[in-house]
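1. make a model of this:
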Amino acid sequence: MDPQVVAVHVVVNPATVDTWGTAEFAMVLPKDARPSDDPPVGCATLIDWARALGAVDHKVSRVRVVVQGAGDQGVLIDNLRARVIRRSQTPEPAGVQLRCGGQQGAAEPRDVEMDLDAPQPAARYRTLIEGRRPLFGFTLAKGETEVFDLTAFTTGTVEWTLELDLVVAGKRKRVEVTNRGRSFVTTAAPGPRTYQVPPGGDHWIECVHTPRPACPEGGPPAHFRYDA
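-> Sure thing, here's the model as predicted:
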């Protein structure tokens, strides 16, 4: 791939992206994770902290992709799809779940979305225009920039990367988009316990599984347990 055709920048910490300012973020730690310190309270810091321990996104992964035209010829980008490396319809076992962010009653804006459980996962615009969903695609001239925010979801466990399909001077090209050189992993594994920082809260609380996690506001500070 000619590196001069497009330049791609990826933001993999969704808590730093204003599009998802009202979203709830959830991470699942590995089964064998035993951190020596409690998780940080702030979402942006928590996500980096958890991923350094090998955590993956719970149910939903959010990625901002910034694409800039870098060549003299126009570039048509007509598809953004997932290359599935590994997939399990049943969520694989995992460790505790950590949640932060979210505001009750606030809608989560989305630009494009992707069902990772589809046979061939591909991005589509979420918003309908005149009752129809527009086809994914845009054209970039040199120096022009397109920013889109992807929400990818699964009910199982999926390891994946992204691929941009381009057309330049009538020829098809492909650009791989990764998680800082690694694959993305998204899982719906519930984990043995769930901890959350309520919106606007300053400490962690432990949620109750009945059977879905219920996280009461105003609960006492949690005492973390990472074993099953």
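
2. give the contact list for the residue nearest to the spatial centre of the chain.
-> Within the chain, the residue whose C-alpha comes closest to the C-alpha centroid is S61; the distance, by Cα atoms, centre = their mean, is 1.9 Å. By Cβ atoms under 8 Å, 6 or more residues apart in numbering, the contact set of S61 is 150-153, 184, 186. (Glycine included, C-beta is placed from N, CA and C.)

3. list the buried residues for the one helix or strand it maps to?
-> Counting by DSSP states H and E, the secondary-structure element that holds S61 is strand 60-69. Residues of strand 60-69 classed as buried by neighbour count (16 or more other Cβ atoms under 10 Å): 60-65, 67-69.

4. okay, that strand in CSV with CA atoms only?
-> Presented in CSV, the C-alpha positions along strand 60-69 are these (Å, rounded to 0.1, in the frame of the first residue of the first chain):
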residue,chain,number,x,y,z
VAL,A,60,-19.1,-2.8,22.7
SER,A,61,-15.9,-1.4,21.3
ARG,A,62,-15.7,2.3,20.3
VAL,A,63,-13.0,3.5,18.0
ARG,A,64,-12.5,6.9,16.3
VAL,A,65,-10.8,6.7,12.9
VAL,A,66,-9.4,9.8,11.3
VAL,A,67,-8.6,9.5,7.6
GLN,A,68,-6.8,12.3,5.6
GLY,A,69,-6.1,12.3,1.9
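
5. next SSE after it?
-> strand 75-88.

6. how far does the helix or strand following that next one sit from its chain's centre?
-> Counting by DSSP H and E, the element after strand 75-88 in chain order, helix or strand, is strand 97-101. Computed by Cα atoms, centre = their mean, to the nearest Å, the separation of strand 97-101 from the middle of its chain amounts to 14 Å.
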